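Participant: Below are the sequence and a predicted model; questions follow.
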Amino acid sequence: MDFALPDEVTMLRDLVREYVRDRLRPLTMQVEEEDRIPDGILQEMKDLGLFSIPFPEEYGGAGLGELGYCVAFEELGAVNAAYSNIIGGHCGLCGMSIALGGSDELKGRYLPRMGTGEILGAFALTEPNAGSDAAHIQTTARRDGDSYLLNGSKLWVSNGPMADLYTVFAVTDRDQGAKGVSAFVVERDTPGVTIGKIDEKMGLRGSRTSEVFFADARVPAENLIGEEGKGFRVAMRTLDGGRMSLGASCVGQAQAALDLALEWSKQRIQFGQPIASNQAIQWMLADSEVEIHAGRMMVYHGAWKIDSGQRASHEAAMVKVYCSEMLGRVVDRAVQVHGGMGYMKEFDIERMYRDARITRIYEGTSEVQRMIIAQDLLSGD
Ligand SMILES: Cc1cc2nc3c(=O)[nH]c(=O)nc-3n(C[C@H](O)[C@H](O)[C@H](O)COP(=O)(O)OP(=O)(O)OC[C@H]3O[C@@H](n4cnc5c(N)ncnc54)[C@H](O)[C@@H]3O)c2cc1C
């Protein structure tokens, strides 16, 4: 067993790490205050190839697989989860749903332009009445000649306000339950597609989410991803990779929180000595170190499984629940190590504490991940 990262993945990690240190880290407070990514930054990230990491090479992708994608997410999560959220909605969710389920024609039409970042994607599954119970969406797609008419509304779509195209999940056969859900690529300028309100969130500032509405939006039949009735399967396979990379972002966020706590514990003097000399503080640091390492190994193993062509839904659910909850514990300890300073907006750890909270909710809540894991256990899969 070789635990070393492949050379090309190490090179990618070093490239992203350097870019994060030199360009993104100095912008952290600005992103937080303005709730937007400064002009030119997304273009720089596109130019670095960060919008195409897992796409197949024949469609203009970097071909660095889930492992490369996760390693980059670790670095991006460490500076600000808004970046991994934007790329996640675009690349891991919208792009990979096309890559995993789409026809060669559909992949050829969209992936190369998504890879360069010429067009930005988003993933529209959640609805007002269907969150965890995603199979019960109400958006409909009715066949009409050589196209489909989409009607319905989607909620909390990451990249929703800026996207040029959406992967949209809609019901084509109500009687079939999850097997009656189909997936479509819908271009933003399709008549009948409108953007609703942009959400005010607890954290993840800089990453925009919104409602997206469809009113008799006419979508060409060739924009169906795969076959009719296979949409839910496309969504779940896509989310396997999404959950893995979200876990990687959690590992990066947790590592950054531990690094800040470590630094603070060495410089903060109380009772005439650095607080790091107290065992109570040392144990918090040690527990975080152990948990981050465990999370990182789970992510790399799950990514390896996906890259070697194996199903990894069970591992993805374990990565998602463990890494998001691990992040919650690590960032909470880091605030504790900072004392009152950890509660102040001038310290980055305050933002990280808020940003961490969403990871236990989106791309399937902790409860949903435990349901998946337990169902696999009980069915003997
Ligand atoms: C910032 C943000 C960005 C998002 N981005 C996207 C996106 O890009 N695309 C997209 O499609 N969606 C997106 N979402 C939606 C997200 O995936 C959902 O919020 C998530 O799946 C949970 O659904 P819900 O919020 O409706 O919670 P609910 O399903 O209403 O759940 C509420 C609570 O009940 C629990 N619960 C529900 N059912 C059960 C059960 N059977 N057993 C035990 N507990 C249960 C849940 O775990 C949760 O704790 C985003 C959400 C947010 C907040």
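Facilitator: Received it, and whenever you're ready, just let me know what you need.
Participant: For the ligand, give me its nearest residue in this protein.
Facilitator: G131 (1.7 Å; C-beta to the nearest ligand atom). All C-beta atoms are positioned from the backbone trio N, CA, C, and that covers glycine.
Participant: phi, psi of that residue?
Facilitator: phi -110, psi -90 (degrees, to the nearest 10).
Participant: in the protein, which helix has the most residues?
Facilitator: helix 231-267 (DSSP state H).
Participant: Flag every buried residue along it.
Facilitator: Neighbour-count burial for helix 231-267 flags 231-258, 260-262, 264-265 (criterion: 16 or more other C-beta atoms under 10 Å).
Participant: tell me the mean pLDDT over stretch 353-368?
Facilitator: In this model, stretch 353-368 has an average pLDDT of 98.
Participant: same question, stretch 219-230
Facilitator: Rounded mean pLDDT across stretch 219-230 is 97.
Participant: Measure how far it is from the centre of its chain, please.
Facilitator: Counting by C-alpha atoms, centre = their mean, to the nearest Å, stretch 219-230 is centred 24 Å from the centre of its parent chain.
Participant: Show me what it is in contact with.
Facilitator: Applying C-beta atoms under 8 Å, 6 or more residues apart in numbering, the contact partners of stretch 219-230 are 97-98, 101-103, 105-106, 141, 143, 146-150, 167, 172-173, 176, 179-186, 190, 231, 233-234.
Participant: Point out the residues in this protein that sit beside the ligand.
Facilitator: Counting by C-beta under 6 Å from any ligand atom, the chain comes close to the ligand at 89, 123-126, 131-132, 156-158, 201, 204, 209, 358, 361-365, 367-368.
Participant: Now, these that are in helices?
Facilitator: Per DSSP H, helices hold the following members of these: 367-368.
Participant: circling back: so which of the contacts of stretch 219-230 are in helices?
Facilitator: 97-98, 101, 105-106, 231, 233-234.
Participant: Pick out the most distant pair among the residues you listed.
Facilitator: Spanning the widest gap among the ones in helices among the contacts of stretch 219-230 are E105 and R233, at 20.0 Å by C-beta to C-beta.
Participant: List only buried entries from the residues of the chain next to the ligand.
Facilitator: 89, 123-126, 131, 156-158, 201, 204, 209, 358, 362-365, 368.
Participant: For R17, which non-adjacent residue is closest in space?
Facilitator: The shortest distance from R17 to any non-neighbouring residue, by C-beta to C-beta, 6 or more residues apart in numbering, is to E75 (5.1 Å).
Participant: got the contact list for the one you found?
Facilitator: E75 neighbours (C-beta under 8 Å, 6+ apart): 13, 16-17, 20, 252.
Participant: closest to L48 among these?
Facilitator: V16 (7.5 Å).
Participant: Just the CA coordinates for the helix or strand hosting that closest one, please, in PDB.
Facilitator: Using DSSP states H and E, V16 maps to helix 7-19. This file holds the C-alpha atoms of helix 7-19, laid out as PDB (Å, rounded to 0.1, in the frame of the first residue of the first chain):
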ATOM      1  CA  ASP A   7       3.300  13.500  -8.500                       C
ATOM      2  CA  GLU A   8       0.700  15.300 -10.500                       C
ATOM      3  CA  VAL A   9      -1.600  15.600  -7.500                       C
ATOM      4  CA  THR A  10       1.300  16.900  -5.300                       C
ATOM      5  CA  MET A  11       2.000  19.500  -8.000                       C
ATOM      6  CA  LEU A  12      -1.600  20.600  -8.100                       C
ATOM      7  CA  ARG A  13      -1.700  20.800  -4.300                       C
ATOM      8  CA  ASP A  14       1.500  23.000  -4.200                       C
ATOM      9  CA  LEU A  15       0.100  25.200  -6.900                       C
ATOM     10  CA  VAL A  16      -3.200  25.800  -5.100                       C
ATOM     11  CA  ARG A  17      -1.500  26.200  -1.700                       C
ATOM     12  CA  GLU A  18       0.800  28.900  -3.100                       C
ATOM     13  CA  TYR A  19      -2.100  30.700  -4.800                       C
END
